[in-house]
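Visitor: here are the coordinates; sequence isn't available:
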C-alpha cells in the first residue's frame, strides 16, 4: 500500500475497468451510505458513485479485530475524501461468540443506524461463492438486494474492481483473511472454482451467479406463502413449490436442511396419520397442529 493517498481527482480517459463499475451504479440513486473497508471492491464502488454524481457518505466500520485496522480505515477515509466524498470511521464493539457473525452484525448495525440505504460492494465473484456455500447447506441461493441493503456490483467482476483502483491510482488493502485457507469461502475461491473452470473449459462464475439470482427470485416468490403454513394451502402446491416453501419456512430458524428432513415435513402435509414432529436441530421440531405447520421446542432433547 502506498503511504500517501492521491491528492487530486482524476478520471482517466481510457479506464475500461472503472467504466464497468460506473455503469453498474448508474441505476441506483442516493442518498446512501456506502460500506467502505479499504479493499478494492468498496473503493471502486465509492469512486464510481462519486463519478456518477451519486449522493453518498462512505463509512468505515472498524471492529478492532486485526492489528493496524484503525490505520487501514483511516487511510481509506483519507483516500475517498481526496475524491471529494464525505467519509468517516466508526469504531464498534464485537460481542463474544462467533467472531465472523458478530462482526458482521455489528458492522451492519452501525451502517443501518444512518437511516439510509446501505450500499455494499459484493461482486459477481462473491455471489458465485455464496451460492456454492449455500448450496452445500441445502439452500441454493445467493445474496439478495433489499430496501435497506443494496448490492450495486453483483454484475461486476472482481477483476474490474481491482483494475478500476489501479486505473485511478487508489491503493487498496488486501485482507489477509482472504487468503487464509482455514475459511471455506477462501478454499472455494482459490481451489474449487478454478477446478470447475478447468473441468468445464470456461469461466463458471457468471453461470453460478445467474443460478444464485434465480434462487433469490424463487425464494422471494414464495416469501408470502412461507408465512402461512396452512396444510390446506400447502396441499395445493406442486412438489417443487412445496419443497421451496418449506425451505423458506425453515430459513428463519438457522437450521441445516437435508433431504430426510424435507421428506419428513412433506409427509406431515401429504401423508398425515398423527405422527409426531420432525426434529430439525437446535432442539426444535416442525409439528402439525390444527391444520397448520408450526416450529416448536422439541420434546426429544
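Guide: Thanks, I have the structure now. In this text, all values refer to a predicted model and were calculated from it rather than measured experimentally.
Visitor: what about the helices in the chain?
Guide: Using DSSP state H, the helices assigned to the chain run over residues 16-25, 40-51, 69-82, 99-112, 124-136, 158-168, 184-187, 193-200, 205-221, 223-226, 231-234, 239-251, 259-270.
Visitor: could I get these as TSV with mean neighbour count and distance to residue 63?
Guide: Using the backbone N, CA and C atoms, a C-beta is placed for each residue, glycine as well. As requested, these are arranged in TSV below (neighbours: other Cβ atoms under 10 Å; distance: least, Cβ to Cβ, whole Å):
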stretch	mean neighbour count	distance to residue 63
helix 16-25	20	26
helix 40-51	26	15
helix 69-82	19	7
helix 99-112	16	5
helix 124-136	21	19
helix 158-168	21	22
helix 184-187	14	18
helix 193-200	13	27
helix 205-221	18	27
helix 223-226	14	31
helix 231-234	16	42
helix 239-251	19	26
helix 259-270	16	35
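Visitor: mean pLDDT lowest for which of the ones you listed?
Guide: Looking at these, the lowest mean pLDDT belongs to helix 223-226 (a mean of 49).
Visitor: returning to what we had before: looking at the helices of the chain, which is nearest to residue 60?
Guide: Between residue 60 and the helices of the chain, the shortest gap by Cβ to Cβ is with helix 69-82, which sits at 4.0 Å.
Visitor: output the contacting helices and strands for the closest one.
Guide: helix 40-51, strand 56-62, strand 86-91 (3 or more Cβ pairs under 8 Å, 6 or more residues apart in numbering; DSSP states H and E).
Visitor: sheet partners, orientation included, of the shortest one?
Guide: Within its sheet, strand 86-91 is paired with strand 56-62 (parallel), according to DSSP bridges.
Visitor: tell me the contacts of the closest residue to residue 24 other than its chain neighbours?
Guide: Leaving aside its chain neighbours, residue 24 sits nearest to residue 156 (4.9 Å; criterion: Cβ to Cβ, 6 or more residues apart in numbering). By Cβ atoms under 8 Å, 6 or more residues apart in numbering, residue 156 lies in contact with 20, 21, 24, 123, 124.
Visitor: any chance of the helices and strands packed on helix 69-82 in CSV with distance to residue 143 as columns?
Guide: Formatted as CSV, the helices and strands packed on helix 69-82 follow (distance: least, Cβ to Cβ, whole Å):
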stretch, distance to residue 143
helix 40-51, 13
strand 56-62, 18
strand 86-91, 23
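Visitor: which stretch among the ones you listed comes nearest residue 168?
Guide: Short answer: helix 40-51, nearest of the helices and strands packed on helix 69-82 by Cβ to Cβ, at 5.8 Å.
Visitor: is it possible to export the helices of the chain to JSON lines including distance to residue 150?
Guide: Formatted as JSON lines, the helices of the chain follow (distance: least, Cβ to Cβ, whole Å):
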{"stretch": "helix 16-25", "distance to residue 150": "10"}
{"stretch": "helix 40-51", "distance to residue 150": "10"}
{"stretch": "helix 69-82", "distance to residue 150": "18"}
{"stretch": "helix 99-112", "distance to residue 150": "11"}
{"stretch": "helix 124-136", "distance to residue 150": "14"}
{"stretch": "helix 158-168", "distance to residue 150": "16"}
{"stretch": "helix 184-187", "distance to residue 150": "22"}
{"stretch": "helix 193-200", "distance to residue 150": "25"}
{"stretch": "helix 205-221", "distance to residue 150": "14"}
{"stretch": "helix 223-226", "distance to residue 150": "18"}
{"stretch": "helix 231-234", "distance to residue 150": "33"}
{"stretch": "helix 239-251", "distance to residue 150": "21"}
{"stretch": "helix 259-270", "distance to residue 150": "32"}
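Visitor: okay then, goodbye and thanks.
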